[in-house]
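J.: could you work out the structure for the sequence below:
(2 chains)
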Amino acid sequence: MAYVATRGGEKAIDQSERLYRADMGTIDAGRVAEIRRALPWLIDRVMGEASLYEADLAALALAQSGGDLYEAVLLLRAWRTTQPRLTIAEPVTQDKLFTHRRISAAFKDIPGGQILGPTLDYSHRLLATGVLEGRPFVPAPVEPASTPAPAEQPSLAAWQKAQGLVADPAREDVALDDIPDLTREPLLFPAKRAHTLQSLARADTGGVLALGYSAMRGYGNAHPTVNELRLAEAEVVVRHPRGTMFSAGRVKVSQAEVTSKGRSGQLDLGFCATFGWNEIKVIAGATLDLNAPDAPQNSPVNEEFFLYHTEPVEASGFCIHFKLPHYVTFQSALDALRDARAKAAAPDAGSAASAPARQPAVTEEVPA
Amino acid sequence: MTETTPTHEATSGHSAFLTALSHGDADSVKRFAEGLLPQLGAVEVLRSRTGLVMLPFRDTVKGTDFHLGEVLVAEAEVRLTDHDATGYGMVTGRDLEWAMAMALIDAAAAAGLTPTVLDAFVTGLEAANADRDRARLRAVEATRVDMETF
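T.: The predicted structure is shown next:
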């Protein structure tokens, strides 16, 4: 291992950070509030990938990073480590979700009916260019129904299990303290299902989409149909010191089941859920879960493959580490290249060219 | 108030009481707590901090409980030394004043102070919370589709 010294680095580093922040300008509470108000779907995505639900902090992270999502997620995950874990809430169950949107593409007549909720699925995608010419885009108000929708909707999967359409494995009761936690134990393979689902909940939306999409296009074993998709709010149910269970508030969540015909004469289901409203991620994540059993190793739907490659902080960190000095490593590759060229140009090039090129040692440098 | 005794019925009432405070309008809760202060006597703050609550989620396919992520919460616990009563508050987010206001109101209830006023305030909060939810659910209901008509 060799090192390369850099002179004047401290000042340059300081100035480079100043230049980065100067381009962003002053960040104040007003800017953070405006980001939170104007970009709720982006805030949801950052909170999900950061595995920390707090919209103001997510907006602050986006303001500080100028909208660089990986930087924002890193900031939030780093901040999260400064906070004590006070308790573990009661598990959220589907039948208790305060449901805003709930659809199925597999069954048209689902118990409780289909509620489109907030969506642009059926809208024209037209850019409101009039806004730039001084004509504000004012959305038309909703014309509310005379009666409210039920806050809670029945579970489609539970109905399917009762009908014998899908397997109904015995559920194992696990104490709250014993639920496996990726932030406190390593991800090992074959992964515990709790680790898989926690990892997908925190996964990079783009990564999950890319790999899930590959499965949808035929690189997986099963083509998905959306069994049930929900956008909802979940109660955070905690215990008062005197033992009373109560809700400390609600958080937005998304969940999806996708289905395909299984080999056993029943339907197979894949599942994914995340913080915030992000239906692309949960559909793609559930597709990966559906395809994972018996997936070939190194295929995009192999659990080890997709869990490792959709972890946003590790993946982005590995990518940006290549910016760190690799001068000696690369010099070795360059030496080998020059050596091969010299041998090829020599009079006895024929015999030399057939010899295998020397491979550079794989070493990396770190700044001193 | 019945929330000081740990019977099943009382626990259920206490649950609704606390939930109304944590779901209600933060400014209203703070103003109400501030109005209670002169009657509370000496207040000892046992806890006032932010922290994380891990939120488990139950998988609908295999029934596995897994961690969805951490929710930031504000937490407060107080003791009314003149009344030998404690109160506790926890709300999602970072609003320590809201959590403290909730703890003070909970402590006042535990001490049996002004039960009629407390009950009226919490009943009002519950009604406002229900109105807010009903308005949202009426908008949600407007998006219901009947697939037979497609």
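J.: can you list the buried residues in the longest helix along chain B?
T.: Using DSSP state H to assign secondary structure, the helix with the most residues in chain B is helix B:115-141. Within helix B:115-141, the residues that count as buried by 16 or more other CB atoms under 10 Å in any protein chain shown are B:118, B:121-122, B:125-126, B:129, B:133, B:136-141. All C-beta atoms are positioned from the backbone trio N, CA, C, and that covers glycine.
J.: report all helices and strands that it contacts.
T.: Judged by 3 or more CB pairs under 8 Å, 6 or more residues apart in numbering or on different chains; DSSP states H and E, helix B:115-141 is in contact with strand A:98-103, helix B:8-23, helix B:26-40, helix B:96-110.
J.: tell me who's in contact with B:L137.
T.: If a contact means CB atoms under 8 Å, 6 or more residues apart in numbering or on different chains, then B:L137 has A:148-151 as its contacts.
J.: tell me the confidence at it?
T.: pLDDT recorded at B:L137 is 98.
J.: same check, this time on A:N221
T.: Value for A:N221, per-residue pLDDT: 85.
J.: nearest residue to it other than its sequence neighbours?
T.: Nearest non-adjacent residue to A:N221, counting by CB to CB, 6 or more residues apart in numbering or on different chains: A:N291, 5.3 Å away.
J.: any idea how far the residue nearest the centre of chain B is from A:A286?
T.: Among the residues of chain B, the one closest to the centroid is B:S22, at 2.8 Å (CA atoms, centre = their mean). Look at B:S22 and A:A286: by CB to CB, to the nearest Å, they are 31 Å apart.
J.: what's the closest of the helices and strands packed on helix B:115-141 to A:D168?
T.: Between A:D168 and the helices and strands packed on helix B:115-141, the tightest spacing by CB to CB is seen for strand A:98-103, at 21.4 Å.
J.: where does the one residue in the stretch 201-350 of chain A that gets nearest to chain B land in three-state SS?
T.: Here the stretch 201-350 of chain A gets closest to chain B at one residue, A:G249, 3.2 Å apart by CB to the nearest CB. Under DSSP: H, G, I helix; E, B strand; the rest coil, A:G249 falls in the strand class.
J.: and it, what does it touch?
T.: Contacts for A:G249 (CB under 8 Å, 6+ apart) come out as A:235-236, B:22-23, B:71, B:73, B:91-93.
J.: then A:F305?
T.: With CB under 8 Å, 6+ apart, A:F305 has these contacts: A:211, A:297-299.
J.: pull out the buried residues from the longest helix anywhere in chain A.
T.: In chain A, ranked by residue count with DSSP H as the criterion, the top helix is helix A:327-345. Buried residues in helix A:327-345, counting neighbours by 16+ other CB under 10 Å, are found at A:328-329, A:332, A:340.
J.: name the SS class of A:E257, please.
T.: strand.
J.: how many neighbours does it have?
T.: The burial count assigned to A:E257 is 33, neighbours taken as other CB atoms under 10 Å in any protein chain shown.
J.: and for it, nearest residue in space, chain neighbours not counted?
T.: A:N227 (4.0 Å).
J.: how about the helix or strand encompassing the one you found: buried residues?
T.: Taking DSSP states H and E as the definition, one finds A:N227 inside strand A:225-239. Neighbour counts using 16+ other CB under 10 Å place A:225-238 of strand A:225-239 among the buried residues.
J.: ok, how many other residues are close to A:G164?
T.: 10.
J.: ok, how many other residues are close to the residue lying closest to it once chain neighbours are set aside?
T.: Once flanking residues are discounted, A:G164 sits nearest to A:Q266: 7.4 Å by CB to CB, 6+ apart. Counted by other CB under 10 Å, the residues lying close to A:Q266 total 16.
J.: do I have it right that A:Q266 meets A:K161?
T.: No. Counting by CB atoms under 8 Å, A:Q266 does not reach A:K161; the two are 9.8 Å apart.
J.: what touches both of these two?
T.: Contacts common to A:Q266 and A:K161, judged by CB under 8 Å, 6+ apart, are A:A167.
J.: A:V32 should be in a helix, yeah?
T.: Yes. The assignment for A:V32 is a helix, going by three-state DSSP.
J.: verify the stated contact: it with A:A55.
T.: No. Using CB under 8 Å, A:V32 is not in contact with A:A55; the gap is 9.9 Å.
J.: what ranges does the stretch 51-200 of chain A have for its helices?
T.: Using DSSP state H, counting those that start in this stretch, the helices of the stretch 51-200 of chain A run over residues A:55-65, A:69-80, A:156-162, A:193-202.
J.: mind putting those helices into a markdown table with distance to B:G51?
T.: Shown next, in a markdown table, are the helices of the stretch 51-200 of chain A (distance: least, CB to CB, whole Å):
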| stretch | distance to B:G51 |
| --- | --- |
| helix A:55-65 | 13 |
| helix A:69-80 | 11 |
| helix A:156-162 | 33 |
| helix A:193-202 | 19 |
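J.: could these go into TSV alongside distance to chain B and mean neighbour count?
T.: Output for these, formatted as TSV (distance: least, CB to the nearest CB, whole Å; neighbours: other CB atoms under 10 Å in any protein chain shown):
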stretch	distance to chain B	mean neighbour count
helix A:55-65	7	23
helix A:69-80	6	20
helix A:156-162	4	19
helix A:193-202	4	24
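J.: mean pLDDT for these: which is lowest?
T.: Across the helices of the stretch 51-200 of chain A, the lowest-scoring stretch is helix A:156-162, with a mean of 92.
J.: by contact count, what packs against that helix?
T.: Applying 3+ CB pairs under 8 Å, 6+ apart, one finds that helix A:156-162 contacts strand A:225-239, strand A:267-275.
J.: can I get those in TSV including mean pLDDT?
T.: Shown next, in TSV, are those (pLDDT from 0 to 100):
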stretch	mean pLDDT
strand A:225-239	97
strand A:267-275	97
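J.: which stretch among these comes nearest B:A85?
T.: Per CB to CB, nearest to B:A85 of these: strand A:225-239, 18.7 Å.
J.: low-confidence stretches in the stretch 201-350 of chain A?
T.: A:348-350 (pLDDT under 70).
J.: kindly report the same for chain B.
T.: Checking chain B against pLDDT under 70 turns up B:1-12, B:148-150.
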